[in-house]
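Just to be clear, the model below is a prediction. Sequence and coordinates:
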Amino acid sequence: MQTFDLSAQGLRALNSTLHALKGQTNQTSWEVINPKGAHAIAVGLDAPVDVTVRGSTGYYCAGMNKQATVRVKGSAGPGVAENMMSGTVIIDGDASQYAGATGRGGLLVIKGNASSRCGISMKGIDIVVHGNIGHMSAFMAQSGNMVVLGDAGEALGDSLYEARLFVRGSVKSLGADCIEKEMRPEHLAILADLLKRGEADHLAKPEEFKRYGSARKLYTFNIDNASSY
Amino acid sequence: MCGIVGLFLKDPKLEPQLGAMLTDMLITMTDRGPDSAGIAIYGRPEKGKAKLTVQSANPDADFASLADDLGKAIAAKVTGQVKDTHMVLELPEDRIEAARHAMRDLRPKAKVMSAGEGIEIYKEVGLPKDVAARFEVSRMSGTHGIGHTRMATESAVTTMGAHPFSTGSDQCLVHNGSLSNHNSVRRVLRQAGMTFETENDTEVAAAFISHKLQEGAKLGEAMEATLTDLDGFFTFVVGTKNGFGVVRDPIACKPAVMAETDQYVAFGSEYRAMVNLPGIESARVWEPEPATVYFWER
């Protein structure tokens, strides 16, 4: 394991060291100590390495991640795993607003709560939240899956496209064009897989969730409304 | 942007370090607001005494004989301590309004930063580290305090445009965000008798809360009313003689983190503002909910 002391060595040195790692590197296991809420920790990684951050992070941790597994042994500030492409990001604590925003792939696991706008405009990422999510989560979410073991705040899935939302607890309110949908066997299978990969299969069963999705009335062209477009 | 820090001490043993802890927090928030910085610090009130903190662009001329001049004008004992562009005047509590009035004639160009039993406000244009050093904030003790680093959006970068704003005795407010209906609210508050020093949106929020308190509202109620009457983005931190409160607008895109231990309650725009506080590793750390009022009073 390689240990990197962020407060001694600095952010730019950390990220350029991690960026230099390529597919065949032997240095596959990294530990970052003294993160102290710094911004942009382990952003833009593109190698199958494992990075553990020992403490809480500030804005944009693990943004644009490809291939790497980033674990935060604390809480994450705004925009964690923003625009992630692939790989896995696991937050042991809470995540601040817009976690996983615009993510195109990979898996984001938040073991605490996520605040507002979780998964906003998600485009293929899978997000598993063990706790609750805040208001306006999955706003304009296009594809991918969001699994919430706790409750969802106001306006869940407003202006939703084709992302699937699974919530076990209560939903304070659904956003425009977001509706509850039938849970079919293929959805239970997706949920079972995500709960397992999201380290939550011991906490919840697929049957306990409800599925929400788009009513497809807002984003599809409707000839009757042509004059108002 | 803008950065906010706040600290409410539960453990009196930490009181001598309040200024040092707040200074460290404030400087960490420099890149959220390098334009100007300010701090409101609340000391333990002394019975029968009050403090008037004044600011002048010409401190040498304005402050030289100010304590004596003010003492004569209000017929009371006044002592003063100059700190750079600010001066803290100590006087009998029942003469505070008279002193405020007298200041207008004695030093028309000087500005009253704060008045009250516990509060002192220091604010200036410049980097937070320089502002804190000019006023020796790190040497101050107290029970609670609020700091702000400003990145101006709604009004000019001036001393009076810096935060905190104080619009009532022992009251102050700092703000991250911008208000869109501040002109109409200011008009209503002016008609109700409130006075304003600037065209700044945050001063309106401060005056709005002060006005509610004058009308008899409790701190929690006054803060709750900002959610219905003020339009825009805001995270507010409010200080009073006995405590401090936090409220965020319902959209809550201006960041906020809080931490609580047996020794203190801390507020930061970001977690990194709090990383050097004692016992932060085991503190309860959370993000305040949107449209929810939090306050702590002793």
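Okay, I see it. Numbering: from 1, shown residues only, chains lettered A, B, ... in the order given.

OK, contacts around residue 118?
You didn't pick a chain, so chain A it is. A:95, A:97-100, A:110, A:127, A:129, A:133-134, A:137-138, A:146 (C-beta atoms under 8 Å, 6 or more residues apart in numbering or on different chains). Backbone N, C-alpha and C define where each C-beta goes, glycine included.

oops, I was thinking of chain B
B:42-45, B:51, B:142-143, B:170, B:241.

before we move on, the earlier item: now, which of the contacts of A:C118 lie close to chain B?
Of the residues in those, proximity to chain B by C-beta under 8 Å from any C-beta of the partner chain holds for A:97, A:134.

possible to save the contacts of A:C118 as CSV with neighbour count, pLDDT and secondary structure?
Shown next, in CSV, are the contacts of A:C118 (neighbours: other C-beta atoms under 10 Å in any protein chain shown; pLDDT from 0 to 100; DSSP: H, G, I helix; E, B strand; the rest coil):
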residue, neighbour count, pLDDT, secondary structure
A:A95, 34, 98, strand
A:Q97, 25, 97, coil
A:Y98, 26, 98, coil
A:A99, 33, 98, coil
A:G100, 34, 98, coil
A:I110, 29, 98, strand
A:I127, 33, 98, strand
A:V129, 30, 98, strand
A:I133, 31, 98, strand
A:G134, 26, 98, coil
A:S137, 35, 98, coil
A:A138, 33, 98, coil
A:M146, 29, 98, strand
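
For the residue of the stretch 51-200 of chain B found nearest chain A, list each beta-bridge partner.
Per C-beta to the nearest C-beta, B:N176 is where the stretch 51-200 of chain B lies closest to chain A, at 13.3 Å. B:N176 has these beta-bridge partners by DSSP bridges: B:T235.

Now compare the contacts of B:G118 and name the two farthest from each other.
Within the contacts of B:G118, B:K51 and B:T143 form the most distant pair, 14.0 Å apart (C-beta to C-beta).

Spell out which parts of chain A neighbour chain B.
A:36-38, A:56, A:58-59, A:75, A:77-78, A:93-94, A:96-97, A:115-116, A:134-135.

Which pLDDT does the model give the residue of chain A found nearest chain B?
The nearest approach of chain A to chain B comes at A:G37, 3.0 Å away (C-beta to the nearest C-beta). In the predicted model, A:G37 carries a pLDDT score of 97.

Secondary structure of it: a strand, I assume?
No. Counting by DSSP: H, G, I helix; E, B strand; the rest coil, A:G37 is not part of a strand but coil.

show me where the stretch 51-200 of chain B has helices.
With helices called from DSSP state H, counting those that start in this stretch, the stretch 51-200 of chain B shows them at B:59-63, B:66-74, B:96-106, B:128-134, B:182-191.

In contact with residue 209, which residues are there?
Here I'm looking at chain A. Contacts of A:F209 (C-beta under 8 Å, 6+ apart): A:147, A:166-168, A:183, A:191.

The chain in question should be chain B.
Here B:I209 is in contact with B:167-168, B:171, B:173, B:222-223, B:225-226, B:238 (C-beta under 8 Å, 6+ apart).

Out of these, flag the one nearest to B:K72.
Out of the contacts of B:I209, the member with the shortest distance to B:K72 (by C-beta to C-beta) is B:G168, at 27.2 Å.

Give me the neighbour count for that closest one.
21 (other C-beta atoms under 10 Å in any protein chain shown).

element containing the closest residue to it other than its chain neighbours?
Excluding its sequence neighbours, the residue lying closest to B:G168 (C-beta to C-beta, 6 or more residues apart in numbering or on different chains) is B:S210, at 3.4 Å. Using DSSP states H and E, B:S210 sits within helix B:201-214.

now the angle from that helix to helix B:182-191?
Helix B:201-214 and helix B:182-191 are oriented at 40 degrees to each other (axes from the mean of the first three to the mean of the last three C-alpha atoms, to 10 degrees).

and helix B:201-214, how far out from the chain's middle?
12 Å (C-alpha atoms, centre = their mean, to the nearest Å).

buried sites along the helix or strand just after it?
Scanning forward in sequence from helix B:201-214 by DSSP H and E, the next helix or strand is helix B:219-229. For helix B:219-229, a neighbour-count test (16 or more other C-beta atoms under 10 Å in any protein chain shown) marks B:219, B:222-227 as buried.

Now helix B:219-229: average pLDDT?
Helix B:219-229 comes out at a mean pLDDT of 96.

same deal with stretch A:77-85?
For stretch A:77-85, the mean pLDDT works out to 98.

Distance across it, terminal residue to terminal residue?
19 Å (C-alpha to C-alpha, to the nearest Å).

what's next to that stretch, contact-wise?
A:37, A:39, A:56-66, A:70, A:72, A:89, A:91, A:95-106, A:108, A:125, B:255, B:270-271.

go with 7 Å
A:37, A:57-66, A:89, A:91, A:95-106, A:108, A:125, B:255, B:270-271 (C-beta atoms under 7 Å, 6 or more residues apart in numbering or on different chains).

try stretch B:188-198
B:111, B:155, B:160-161, B:167, B:186, B:203-204, B:207-208, B:211.

can you check stretch A:27-46 too?
With C-beta under 7 Å, 6+ apart, stretch A:27-46 has contacts from A:1-7, A:11, A:14-15, A:18-19, A:21, A:48-68, A:70, A:77, B:270-272, B:275.

Just those: which are in strands?
Counting by DSSP state E, these place A:2-5, A:50-54, A:70 in strands.

mind giving me CSV with the contacts of A:F209 and columns for pLDDT, secondary structure and neighbour count?
Output for the contacts of A:F209, formatted as CSV (pLDDT from 0 to 100; DSSP: H, G, I helix; E, B strand; the rest coil; neighbours: other C-beta atoms under 10 Å in any protein chain shown):
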residue, pLDDT, secondary structure, neighbour count
A:V147, 98, strand, 25
A:F166, 98, strand, 25
A:V167, 98, strand, 26
A:R168, 98, coil, 20
A:M183, 98, coil, 15
A:L191, 98, helix, 27
